[in-house]
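Participant: Mind folding the following:
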Amino acid sequence: MWVPAVAGNTFAGVEGFVRTHPELTAAGVVAALVVLASTYAFLRLRRAPGVRFRRLLAEQDAVAVLMHPNPDPDAMAAAVGVASLADQLDVDATIQFPGQIRHQENRAFRTVLDLDLDQIDHVTDLAAESVVLVDHNEARGFAGADGVLPIAVVDHHPGDGTGEAFTDVRTDYGATASIVAEYFKDNDAVPVPPDKHASETAGDLALSTRVATGLLYGILADTKHLTVGASEPDFAAAAYVYPGVDQDQLDRIANPAVDAEVLEVKARAIAGRRIEGSFAVADVGGVNNVDAIPQAADELIQLEGVSAVVVIGERDGTLHLSGRSRDDRVHMGNAIEAVLVDVDNGDGGGHARMGGGTVVADRDPTDEGEPATVDREALTDGLFRAMAGDV
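Facilitator: Residues are numbered from 1 along each chain as shown. Down below sits the predicted model:
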């Protein structure tokens, strides 16, 4: 084959350099490989989280989408969103949760959107080996939970839990539903209007009306209608899913019938509240529906002159605490945690604006003795000190 003289001279020069300087040549090759590897890693990291999450889902045969105990609308919305992504990738997805769904808003969310949710009590009840945690980052609330190693974690709460292959925890977001909405947007999914069918939209992924409605309500519920704890991405996510929202379903979820006991507990909280400065603590006594306790806290925080509240209630010997704060001086999760850390069988925590905790009944090991009681007055005093920063 004919080779131009200039090209021939160049090839000869390169060949001569390689023969006389093998060390430099080897170093140059290694350097080039390092640059290529670094470039690949950089580009991989720059891929949108939703794209990386989709690819992970597509590698699975089946997934268990696991919510936290007693899931709220944000958890259910995020779970149904992840399940929808999986289903469109021909991956079997089962949405599971420990505990119960009792709050009327949560029951309405499940009923109106016709969600298929599987309640579990033990780790062996998980529907698949591949587990995706949504709206929490460490499995809890069922036997064997501490042995669960999720492949992915999608959450907006602080914590140390991670997924083996994928972790997306954004504590600056107001709702996990906002993160999942971004996953659809990252993959160019088109929201399907209520009067349309998914087949009428372009693209290989669609955001169904049911999922869009759920995601919007999840965002609204966890941010108090985009007024508390909401960030710019929450507004953007709400705007993105809005074209696919069914307004009638949204209204039915937002305005369910209220249980009579909830109204009674709210009344007891208001009438029996103890006030110190702008802080309030209310002990509502025994309740059958523990979800009435956080609803009473939501009611108390609306009272004029009240900036932080904690409501205490009891069911089956276990105390349940629910707190709300609109006072920048009071981190409610930290306040409740600080009080319960020194109480036997006490556990608490949460966000700056919202916190909760429990004190589990301490029964005799033989189960024959009466459960140990908690000094409720001392507990109330401790809560006031914690809200005042005296901890």
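
Participant: Report the contact partners of the residue lying closest to residue 262 once chain neighbours are set aside.
Facilitator: In space, and not counting its chain neighbours, residue 262 is closest to residue 292: 4.5 Å by Cβ to Cβ, 6 or more residues apart in numbering. For glycine as for every other residue, the C-beta is placed from the backbone atoms N, C-alpha and C. Counting by Cβ atoms under 8 Å, 6 or more residues apart in numbering, residue 292 touches 259, 261, 262, 264, 265, 266, 284, 313.

Participant: again, but for residue 307
Facilitator: Contacts of residue 307 (Cβ under 8 Å, 6+ apart): 278, 279, 325, 326, 327, 330.

Participant: bridging residues for residue 191?
Facilitator: Counting by DSSP bridges, residue 191 is bridged to residue 207.

Participant: What's the separation between it and residue 302?
Facilitator: 33 Å (Cβ to Cβ, to the nearest Å).

Participant: now residue 49
Facilitator: 37 Å.

Participant: quick one, which of the two is more surrounded?
Facilitator: residue 49 (16 against 10; other Cβ atoms under 10 Å).

Participant: ok, now how distant is the more buried one from residue 75?
Facilitator: Taken as Cβ to Cβ, the span from residue 49 to residue 75 is 19 Å.

Participant: Repeat that for residue 94.
Facilitator: With Cβ to Cβ as the criterion, residue 94 and residue 75 are 15 Å apart.

Participant: more neighbours, those two?
Facilitator: For residue 94 versus residue 75, the count of surrounding residues by other Cβ under 10 Å is larger for residue 75: 28 against 19.

Participant: Can you tell me the SS state at that one?
Facilitator: helix (DSSP: H, G, I helix; E, B strand; the rest coil).

Participant: Tell me which residues touch it, please.
Facilitator: If you count contacts by Cβ under 8 Å, 6+ apart, residue 75 has them with 67, 68, 97, 134, 135, 136, 176, 218.

Participant: wait, isn't the third one in contact with residue 71?
Facilitator: By that I understand residue 97. Yes - counting by Cβ atoms under 8 Å, residue 97 does reach residue 71; the two are 4.9 Å apart.

Participant: shared neighbours, the two?
Facilitator: Shared contacts of residue 97 and residue 71, counting by Cβ under 8 Å, 6+ apart, come down to residue 117.

Participant: Out of the two, name the residue with the larger neighbour count.
Facilitator: Set side by side, residue 97 and residue 71 show more neighbours around residue 71, with 28 against 23, by other Cβ under 10 Å.

Participant: What residues sit buried inside stretch 269-282?
Facilitator: Of all the residues in stretch 269-282, those buried under the rule 16 or more other Cβ atoms under 10 Å are 269, 273, 278, 279, 280, 281, 282.

Participant: how about the strands in the chain?
Facilitator: Secondary structure of the chain, counting by DSSP state E: strands at 62-66, 92-97, 117-119, 131-134, 152-155, 166-169, 190-191, 206-207, 274-276, 279-286, 308-315, 318-325, 346-350, 354-359.

Participant: Tell me which of those strands sits most buried.
Facilitator: Comparing those by mean neighbour count (mean count of other Cβ atoms under 10 Å), strand 131-134 ranks first with a mean of 27.

Participant: Which residue lies nearest the spatial centre of the chain?
Facilitator: With distances taken as Cα atoms, centre = their mean, residue 135 lies nearest the centre of the chain, 1.6 Å away.

Participant: I'd like to know how far the residue nearest to that one when sequence neighbours are not counted sits from residue 157.
Facilitator: What sits nearest to residue 135 in space, not counting adjacent residues and going by Cβ to Cβ, 6+ apart, is residue 75, at 3.8 Å. From residue 75 across to residue 157, the span is 10 Å (Cβ to Cβ).

Participant: circling back: now the contacts of residue 75 as CSV including distance to residue 151 and pLDDT?
Facilitator: Formatted as CSV, the contacts of residue 75 follow (distance: Cβ to Cβ, whole Å; pLDDT from 0 to 100):
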residue, distance to residue 151, pLDDT
67, 16, 98
68, 17, 96
97, 18, 98
134, 12, 98
135, 16, 97
136, 15, 97
176, 17, 98
218, 22, 98
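
Participant: Now for the nearest residue to residue 162 once chain neighbours are set aside: which residues touch it?
Facilitator: Distances taken as Cβ to Cβ, 6+ apart place residue 153 nearest to residue 162, at 5.9 Å, with adjacent residues excluded. Counting by Cβ under 8 Å, 6+ apart, residue 153 makes contact with 132, 133, 137, 161, 162, 163, 166, 167, 168, 169.

Participant: Residue 350: which of these is nearest?
Facilitator: Nearest to residue 350 among those: residue 137, at 14.3 Å, using Cβ to Cβ.

Participant: Looking at the closest residue to that closest one other than its chain neighbours now. What's its pLDDT?
Facilitator: Counting by Cβ to Cβ, 6+ apart, residue 137 lies nearest to residue 161, which is 3.1 Å off, once chain neighbours are set aside. You'll see residue 161 listed with a pLDDT of 96.

Participant: burial of residue 158, as a residue count?
Facilitator: Neighbours of residue 158 (other Cβ under 10 Å): 12.

Participant: how many other residues sit next to the residue lying closest to it once chain neighbours are set aside?
Facilitator: The shortest distance from residue 158 to any non-neighbouring residue, by Cβ to Cβ, 6+ apart, is to residue 171 (5.2 Å). By other Cβ under 10 Å, the residues close to residue 171 number 10.

Participant: Do a quick rundown of the helices in the chain.
Facilitator: Using DSSP state H, the helices of the chain run over 5-20, 22-46, 49-58, 73-88, 104-112, 176-186, 209-222, 232-241, 247-254, 260-271, 292-300, 332-340, 376-387.

Participant: can you list the weak-confidence ranges in the stretch 1-150 of the chain?
Facilitator: The stretch 1-150 of the chain contains residues with pLDDT under 70 at 1-19, 21-46.

Participant: Would you map out the domains in this protein?
Facilitator: Domain assignment for the chain, taken from automatic domain parsing, gives 5-46, 51-254, 260-387.

Participant: The last one: end-to-end distance?
Facilitator: Taking Cα to Cα, to the nearest Å, the span from the opening residue of domain 260-387 to its closing residue is 31 Å.
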